[in-house]
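1. need coordinates for the below:
(2 chains)
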Amino acid sequence: MALELVVLIKVVPDGKEVFVDPVNFTLNRSMATNVLNPADENALEAALRIKDEHDARITVMTMAPPFAEPFLLECMSRGADQAVLISDRAVAGSDTYPTSLTVAAAIKHLGKVDIVFAGEKTSDSSTGHVGPGVAEFLEAELASYSRSCRYEDGFVTAERVLEEGVEVVKIPTPAVVTVITDSNIPRRATLRKKLNAQKKGIIVWSLQDIGLPSDWVGLRSSPTVVKKMLPFPAIERKGKVIGLDMMDDFVKELVDTGIIRQGGN
Amino acid sequence: MTEMKKAEPPQDISQYKGVMVYLDSFNNSLTRAALEMVGAGRKMADKTNEKLYCAVIGGSTKAMAQEAGVHGCDEVYGFDSKDLAMYRSKPFSDILAGLVNEKKPNILIVPGSKNGRDLAARVAVKVRSGLTADCMDLDVEPDTRILLARRPDYGDSTMSEIRCEKHRPQMATSRPGTFATPEPDPKRKFQVEVREIKLEANQLKENIVSFNQKNEEDITGSKVIVSGGLGMGKPEGLELIRKLADLLGGSVGVSRPIADLGWISREHQVGQTGETVRPNLYIAAGISGQPQHIVGMMGSKVVVSINKDPEAEMNKNADYVIIGDLYEVIPKLIESIEKVTGANPSPA
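-> Residues are numbered from 1 along each chain as shown, chains lettered A, B, ... in the order given. Have a look, this model is predicted:
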């Protein structure tokens, strides 16, 4: 039986196109186009590498409005076998709890799943909560912050990149693996796969399709709510200008205030 | 397993009292981030006149529990097992969720390290509550005991205040480096309870095959950081940055575009999508000062901006501003440091 792999993706605004408005110094993102969340590209590639070596089927999945469709087709053009779009007005405003719940319910609806891949976090809200949340709802093992992973005989071996070093873990399937940004080089789409993807199309599921009541999700069923926007806490910095001829005095000042120490004492 | 259902709030939220901090550890010692969170938790507990609980899980937790106590905790719960010497997602989240259900804290804060975020996300689902990630500020409203979790907005110089009004505990993570480490008080009174834990086979499916501790510098612990941005113009600029950093006994940092270009590894990236740092001295060379960068270094004691552009945003966030080309300024600065301090100064 083929391995069933799922890759969770999200479409996000392109961070590189967010720029500082030269007139009022605010950030302008009206020019920003949408892209596939960078870490999700690496998650898809990680799944494709498993498929390179094993008999596997890849389903790419997102919860989004229909504008995400071209991105799902792009994933299929790179080698995913099918794409599921969970699209329902009721999910609007969901925080990470109902998002994890919805995605987990859709994965369950898909049937048997061996490995779920997700990016370590999204570049827009960057919580990293949904991968672990899905693992919890599916009662799956979890290898978060992984830079590589292998599959063998019902087990996933992943290299987790942590603050203190690199940990290798071996977990049985079903497993969720979250993949770190830049951990591999995503392959390109091929023309043949692109044509196939367009022919095949996308599977669209509503909440009803996956058997989730609409009042379980969305803004009203999200524990967290954004209440207000505040400016960053003001940092009072004096901004004293130091001329190139004042460098010795400046260094003395840093020594006098204990910021750097006199050598040898 | 957590049954798939909506996050139903508890009937009576008045039962939920106090602040709980999960203490991150490695090799049987607390991480710096754990103590930073004890400091943040203590402030909130004082504001509402409630207890500060801490939870620590590991191979042997007693000494860590004592350390949390002298740093400001009232009641510390340690969970010991030979199987828990290293972080494992499933048993750790089971144990912390169990303690939450037992103690019913009003607020639960967790260090936003990789394992801390992994843990918090699972526990939030288990206890069916709300979690806010990467808070740069944590505060509590004394009368309502509502957690005000403030996190930076994507690509903006604003932060959102996020509330979890009906669900308990109100959960949040903050990145390592967000808060100052509190001073220990050896005379503080606190209680420690260490429990021996027996785990079931289904909690121990994760097998840790190996751990390769890295020798690379961890910039979040540095007292001096010299960071380079796009103003370097070429990868060789990092050699000059490194020279100044070495002279000051510090580390090399970069802004996001430099890490994106692949001139240096991601561990050196300071900012919202990189590391949060709070050194005594932060020197930003050729960094324009996007809000995403500022957010990652605003806790620094003294900030120096070296920039060709007098109008650079970075200058407005600096204590000292040196206008000029970094390729001229840094060699002069190095010369002055060598002259004033002797050849080998070290960070205070």
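2. quick check, central residue of chain B?
-> B:Pro176 (1.3 Å; CA atoms, centre = their mean).
3. just confirm that one contacts B:Val110, I think it does.
-> No: counting by CB atoms under 8 Å, B:Pro176 does not reach B:Val110; the two are 11.4 Å apart. (C-beta placed from N, C-alpha, C; glycine too.)
4. still on that earlier bit, tell me the SS of the residue nearest to the centre of chain B?
-> Judged by DSSP: H, G, I helix; E, B strand; the rest coil, the three-state class of B:Pro176 is coil.
5. contacts for the helix or strand harbouring A:Val177, please.
-> Using DSSP states H and E, A:Val177 sits within strand A:175-179. Defining contact as CB atoms under 8 Å, 6 or more residues apart in numbering or on different chains, one finds that strand A:175-179 is touched by A:39, A:42-43, A:46, A:114-120, A:128, A:131-132, A:134-135, A:138, A:140-147, A:149, A:156, A:158.
6. would you map the helices across the stretch 51-200 of chain B?
-> Taking DSSP state H, counting those that start in this stretch as the criterion, the stretch 51-200 of chain B contains helices spanning B:62-70, B:89-103, B:114-126.
7. what's the most buried one of these?
-> helix B:114-126 (a mean of 26; mean count of other CB atoms under 10 Å in any protein chain shown).
8. contacts (any at all) between chain A and it?
-> Yes: for helix B:114-126 and chain A, the contact criterion (CB under 8 Å from any CB of the partner chain) is met by B:114-115, B:117-118, B:120-122, B:124-126.
9. can you add mean pLDDT and distance to A:Ala189 and give the helices of the stretch 51-200 of chain B back as a markdown table?
-> Formatted as a markdown table, the helices of the stretch 51-200 of chain B follow (pLDDT from 0 to 100; distance: least, CB to CB, whole Å):
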| stretch | mean pLDDT | distance to A:Ala189 |
| --- | --- | --- |
| helix B:62-70 | 98 | 50 |
| helix B:89-103 | 98 | 34 |
| helix B:114-126 | 98 | 31 |
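10. can you list the weak-confidence ranges in the stretch 201-348 of chain B?
-> B:215-217, B:343-348 (pLDDT under 70).
11. what's the burial count for the residue lying closest to B:Cys164 once chain neighbours are set aside?
-> Using CB to CB, 6 or more residues apart in numbering or on different chains and skipping residues adjacent in sequence, the residue nearest B:Cys164 is B:Gly130, 3.4 Å away. Neighbouring residues of B:Gly130 were enumerated by other CB atoms under 10 Å in any protein chain shown; the total is 27.
12. mind listing what B:Gly130 touches?
-> Contact analysis of B:Gly130 by CB under 8 Å, 6+ apart lists A:95, A:97, A:222-224, B:7, B:124, B:164, B:167, B:170-171.
13. B:Tyr75 touches B:Lys51, doesn't it?
-> One thing to correct before we go on: residue B:75 is Glu, not Tyr. Yes: using CB under 8 Å, B:Glu75 is in contact with B:Lys51, at 6.1 Å.
14. for the closest residue to B:Lys308 other than its chain neighbours, grab phi and psi.
-> Closest residue in space to B:Lys308, ignoring its immediate chain neighbours: B:Asp325 at 5.6 Å, by CB to CB, 6+ apart. Main-chain torsions, B:Asp325, degrees, to the nearest 10: phi -70, psi 130.
15. B:Asp46 versus the residue of the stretch 1-150 of chain B found nearest chain A, what's the distance?
-> The nearest approach of the stretch 1-150 of chain B to chain A comes at B:Gly130, 2.8 Å away (CB to the nearest CB). Distance from B:Gly130 to B:Asp46, counting by CB to CB, to the nearest Å: 23 Å.
16. on that earlier part again, narrow the contacts of B:Gly130 to those in strands?
-> Counting by DSSP state E, those place B:170-171 in strands.
17. could I get the helices of the stretch 51-200 of chain B as a markdown table with distance to B:Ala149?
-> Shown next, in a markdown table, are the helices of the stretch 51-200 of chain B (distance: least, CB to CB, whole Å):
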| stretch | distance to B:Ala149 |
| --- | --- |
| helix B:62-70 | 22 |
| helix B:89-103 | 17 |
| helix B:114-126 | 12 |
